[in-house]
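Chemist: please find the sequence and the predicted model below.
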Amino acid sequence: MDDQSQREEAAEGGGGERIARWADGRLGPYGLLRAKARKAFPDHWSFLLGEICLYSFLVIVVTGVYLSLYFHPSMKEVQYNGSYLPLRGQPVSEAFNSTMRLSFDVRGGLLIRQAHHWAALVFVGATLVHMLRVFFTGAFRKPRGFQWLFGFLLLVLGMFGGLTGYDLPDDLLSGTGLAVVNGTILSIPVVGTYLSMFLFGGEFPGGELVARFNAIHVLVIPAIMVGLLVAHLILLLRHRHTQYPGPGRSNRNLVGLPLKVRAVKSAGVFFLVAGVIFAIAALAQINPIWLYGPYRVDQVSAGSQPDWYMGVADGLLRVMPGWEIALWGHTLALDNLIPLVAGVGFFLAMGVYPFVESWVTGDDRERHLLDRPRNRPVRTALGVAWIGFYVVSLVGAGNDIIATRFHVSVESVTWAVRIGLFVVPVTAYAVTKRWALGLQRGDRDKVLHGRETGVIKRLPQGEFVEVHEPLGQGELHLLTQHEQYTPIAPDDGDTGDRSAGARLARRLRVRVSRALYGEGSQIPKPTLREYREITDEHRV
């Protein structure tokens with residue numbers, strides 16, 4: 001290239017800049033990026049939970065693409081002739097055979113397969129904890145109702161994605177789990193048998209199960225999840241980010257890091273998440289199908305356990321008494337139907353709560369400042385009660401393992417779980433509510449009287465008192481910035497509709513409002529007048 005050509009290219013900015021200008025002129029990404037680059041992003045450790053969800057999902061997608069290149073989703077029977085000697089010559093399905101080949105004969109196949117499984121566990125776990133963080137801090141309030149809904153759907157889809165995924169190898173463990181799934185589906189009145197026939201392609205286990213689950217696992221669920229993730233991220237950029245209360249922070253501003261700095265830190269988080277997942281996959285064995293063997297209809301895997309996120313459903317099934325009702329020549333299997341309804345209602349309660357709270361408060365303002373959980377005692381107590389029910393159900397899913405490890409009868413463990421399902425959530429609710437109220441009362445006393453210094457002073461009349469140090473303006477703001485709702489009166493929001501449904505809805509709204517914000521549900525924060533009176537007394 002001569003000197004003239006070099007000078008012309010330099011004047012034009014080089015090949016890279018020409019491509020950038022061409023892309024910006026047709027797609028316009030730089031204008032959007034420049035607008036978003038001026039936004040601040042809060043830097044708090046709890047916000048990493050959402051990034052862990054996103055990056056573990058990326059690991060799932062990448063490893064899933066690799067696995068799909070070798071997996072054969074077919075239940076056609078073949079003879080296993082692979083490297084694992086104990087199973088050589090055994091009749092297995094093509095799905096099981098290809099999974100064994102992935103595990104023993106494909107270079108890096110076992111590592112990728114285990115990383116895929118561990119990433120799925122991390123994704124569901126991080127999503128659940130992220131949802132709980134959003135719940136306890138009130139980050140679901142306007143304008144983030146759809147973001148909460150998208151996150152909830154991602155949690156549910158992640159659970160079903162895991163269920164369809166670990167059933168694909170067609171091993172004895174997954175077959176045992178599918179038999180439980182089939183029994184639950186059959187318990188649904190009227191349509192249960194039709195759903196079972198459609199899902200399994202005939203009588204269980206059918207001949208199309210793996211192919212249909214593979215289509216659901218590889219195409220349907222990931223496509224919906226990608227759409228929800230994109231919508232969630234778009235809304236995240238569209239709305240102002242939430243932030244924790246503190247000095248200089250309000251609903252009208254945002255304190256945090258610039259986009260460039262946050263992007264670099266986020267990239268580091270991605271490599272950390274991927275590295276930890278692959279390290280766990282290399283060190284911790286999961287789902288060793290060669291130990292379980294291929295699925296046989298006449299066999300059941302002893303000590304079978306589902307992945308932890310399906311433990312709620314399995315635990316409820318295990319502790320449910322074997323109740324059945326015969327009606328008009330048909331049997332209603334309550335031992336499967338009731339756990340199914342309870343499990344669905346359990347998760348729906350989590351999904352709809354933000355909309356119930358919004359309906360009760362009638363607060364239509366945008367909220368960008370997060371709540372301290374202690375300032376919403378009833379909401380916090382409900383969340384802890386939900387967790388308590390979840391944990392007890394997980395214990396129920398391992399009743400046989402607990403019985404054998406601790407040398408107790410499985411009936412004793414089952415009855416303990418049955419009782420715990422009713423006692424633990426109620427106890428957790430009561431303890432958490434009282435704890436939050438106690439913390440509120442402590443904050444009130446600290447605002448009015450200051451911080452304890454540990455210095456004891458004797459007054460002229462002989463009385464001993466502890467010297468209190470006044471709080472700084474920043475801490476005073478933190479302890480008093482929250483807004484306290486008042487319960488609505490029976491006539492509030494009366495639209496004049498006297499129908500039975502409207503009256504019932506109005507009464508229900510009043511009662512829920514009293515439960516959330518009425519007497520005994522929050523400690524009134526100090527008023528400015530009270531603070532000044534106490535301050536003047538201390539000065540005197």
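Modeler: Here it is on my side, so go on.

Chemist: in stretch 204-216, what counts as buried?
Modeler: Within stretch 204-216, the residues that count as buried by 16 or more other C-beta atoms under 10 Å are 204-206, 208-214, 216. Yep, even glycine has a C-beta here, placed from its N, CA and C like the rest.

Chemist: ranges for the strands of the stretch 1-150 of the chain?
Modeler: Ranges of strands in the stretch 1-150 of the chain, per DSSP state E, counting those that start in this stretch, are 40-41, 77-79, 91-93.

Chemist: looking at those strands, which is closest to residue 251?
Modeler: The closest of the strands of the stretch 1-150 of the chain to residue 251 is strand 40-41. By C-beta to C-beta, the value is 14.4 Å.

Chemist: sheet partners, orientation included, of that closest one?
Modeler: Next to strand 40-41 in the sheet, as set by DSSP bridges, lie strand 257-258 (antiparallel).

Chemist: ok, and what's touching the very next helix or strand once past the strand it pairs with?
Modeler: Remark: after strand 257-258, the chain's next helix or strand is helix 259-283, criterion DSSP states H and E. Applying C-beta atoms under 8 Å, 6 or more residues apart in numbering, the contact partners of helix 259-283 are 36-39, 41, 43, 48, 51-52, 55-56, 58-59, 111-112, 114-115, 117-119, 122, 256-257.

Chemist: for residue 319, give me its contacts.
Modeler: Contact analysis of residue 319 by C-beta under 8 Å, 6+ apart lists 396, 399, 414, 417-418, 421.

Chemist: 7 Å - rerun?
Modeler: When contacts are counted by C-beta atoms under 7 Å, 6 or more residues apart in numbering, residue 319 is found next to 396, 414, 417-418.

Chemist: report the buried members of those.
Modeler: Applying a neighbour-count criterion of 16+ other C-beta under 10 Å, the buried members of those are 396, 414, 417.

Chemist: for the last one, which non-adjacent residue is closest in space?
Modeler: Computed as C-beta to C-beta, 6 or more residues apart in numbering, the closest residue to residue 417 that is not its neighbour in sequence is residue 396, at 3.9 Å.

Chemist: state the distance from the closest residue to residue 114 other than its chain neighbours to residue 63.
Modeler: Excluding its sequence neighbours, the residue lying closest to residue 114 (C-beta to C-beta, 6+ apart) is residue 281, at 3.9 Å. Here the distance between residue 281 and residue 63 works out to 9 Å (C-beta to C-beta, to the nearest Å).

Chemist: quick one: the helices in the stretch 201-350 of the chain?
Modeler: For the stretch 201-350 of the chain, applying DSSP state H, counting those that start in this stretch gives helices covering 209-215, 221-238, 259-283, 289-292, 311-319, 334-361.

Chemist: and the stretch 351-500 of the chain, by the same measure?
Modeler: Per DSSP H, counting those that start in this stretch, the stretch 351-500 of the chain carries helices over the ranges 377-397, 399-406, 410-449, 473-480, 500-517.

Chemist: what helices or strands is the second one leaning on?
Modeler: When contacts are defined as 3 or more C-beta pairs under 7 Å, 6 or more residues apart in numbering; DSSP states H and E, helix 399-406 sits against helix 410-449.

Chemist: quick check: phi and psi on residue 143?
Modeler: phi -100, psi 30 (degrees, to the nearest 10).

Chemist: likewise for residue 459?
Modeler: The phi/psi pair for residue 459 (degrees, to the nearest 10) reads phi -80, psi 160.

Chemist: center of the chain - which residue?
Modeler: residue 128 (1.7 Å; C-alpha atoms, centre = their mean).

Chemist: do I have it right that residue 441 meets residue 522?
Modeler: No - using C-beta atoms under 7 Å as the test, residue 441 is too far from residue 522 to be in contact (10.3 Å).

Chemist: look at those two and report which has more neighbours.
Modeler: Comparing residue 441 with residue 522 by neighbour count (other C-beta atoms under 10 Å), the higher total belongs to residue 522, at 21 against 12.

Chemist: secondary structure element holding that one?
Modeler: Of the helices and strands defined by DSSP H and E, none includes residue 522.

Chemist: mind listing what it touches?
Modeler: 377, 440, 484.

Chemist: tally of neighbours for residue 458?
Modeler: The burial count for residue 458: 9, using other C-beta under 10 Å.

Chemist: list the contacts for it?
Modeler: Residue 458 makes contact with residue 464 under the criterion C-beta under 7 Å, 6+ apart.

Chemist: tell me the mean pLDDT over the longest strand along the chain?
Modeler: If you go by DSSP state E, the chain has its longest strand at strand 451-458. For strand 451-458, mean pLDDT is 84.

Chemist: can you tell me the strand partners of that strand and which way each runs?
Modeler: Strand pairing for strand 451-458, using DSSP bridges, gives strand 464-469 (antiparallel).

Chemist: for the partner strand, list the C-alpha coordinates in CSV.
Modeler: Output of strand 464-469 as CSV, limited to C-alpha atoms (Å, rounded to 0.1, in the frame of the first residue of the first chain):
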residue,chain,number,x,y,z
PHE,A,464,-27.2,5.8,87.3
VAL,A,465,-27.9,6.2,83.6
GLU,A,466,-26.2,5.2,80.4
VAL,A,467,-24.9,8.0,78.2
HIS,A,468,-26.3,8.0,74.7
GLU,A,469,-24.6,9.5,71.7
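
Chemist: pull out the buried residues from that strand.
Modeler: Buried positions in strand 464-469, judged by neighbour count with 16+ other C-beta under 10 Å: residue 468.

Chemist: again, but for stretch 407-415
Modeler: 413-414.

Chemist: next: stretch 353-368.
Modeler: By 16+ other C-beta under 10 Å, the buried positions in stretch 353-368 come out as 353-354, 357, 360-361, 367-368.

Chemist: ok, now stretch 58-69?
Modeler: Within stretch 58-69, the residues scored as buried using 16+ other C-beta under 10 Å are 59-60, 63-64, 66-67.

Chemist: so which of those belong to helices?
Modeler: 59-60, 63-64, 66-67 (DSSP state H).

Chemist: which one of those is nearest residue 312?
Modeler: Closest to residue 312, out of all of those and judged by C-beta to C-beta, is residue 60, at 21.6 Å.

Chemist: my read: that closest one touches residue 119, true?
Modeler: Yes - using C-beta under 7 Å, residue 60 is in contact with residue 119, at 4.7 Å.

Chemist: residue ranges with poor pLDDT in the stretch 351-500 of the chain?
Modeler: Applying pLDDT under 70 to the stretch 351-500 of the chain flags residues 492-497.

Chemist: hmm, try it at 80
Modeler: For the stretch 351-500 of the chain, applying pLDDT under 80 flags the ranges 465-466, 489-499.

Chemist: next one: the stretch 201-350 of the chain
Modeler: 201-202, 204-207, 240, 259, 297-305, 327-331.

Chemist: so residue 400 touches residue 303, yeah?
Modeler: Yes - between residue 400 and residue 303 there is a contact at 6.3 Å, judged by C-beta under 7 Å.

Chemist: who has more neighbours out of these two?
Modeler: Remark: of residue 400 and residue 303, residue 400 carries more neighbours, 16 against 9, as counted by other C-beta under 10 Å.

Chemist: ok, the more buried one - contacts?
Modeler: 303, 410.

Chemist: so how far is residue 518 from it?
Modeler: Taking C-beta to C-beta as the measure, residue 400 falls 45 Å from residue 518.

Chemist: and residue 525, its phi and psi?
Modeler: The phi and psi values for residue 525, taken as degrees, to the nearest 10, are phi -80, psi 160.

Chemist: what pLDDT does it get?
Modeler: 87.

Chemist: could you tell me how many residues sit around it?
Modeler: If you count neighbours by other C-beta under 10 Å, residue 525 ends up with 18.

Chemist: what sits against it?
Modeler: By C-beta under 7 Å, 6+ apart, the contact set of residue 525 is 444, 480, 484.
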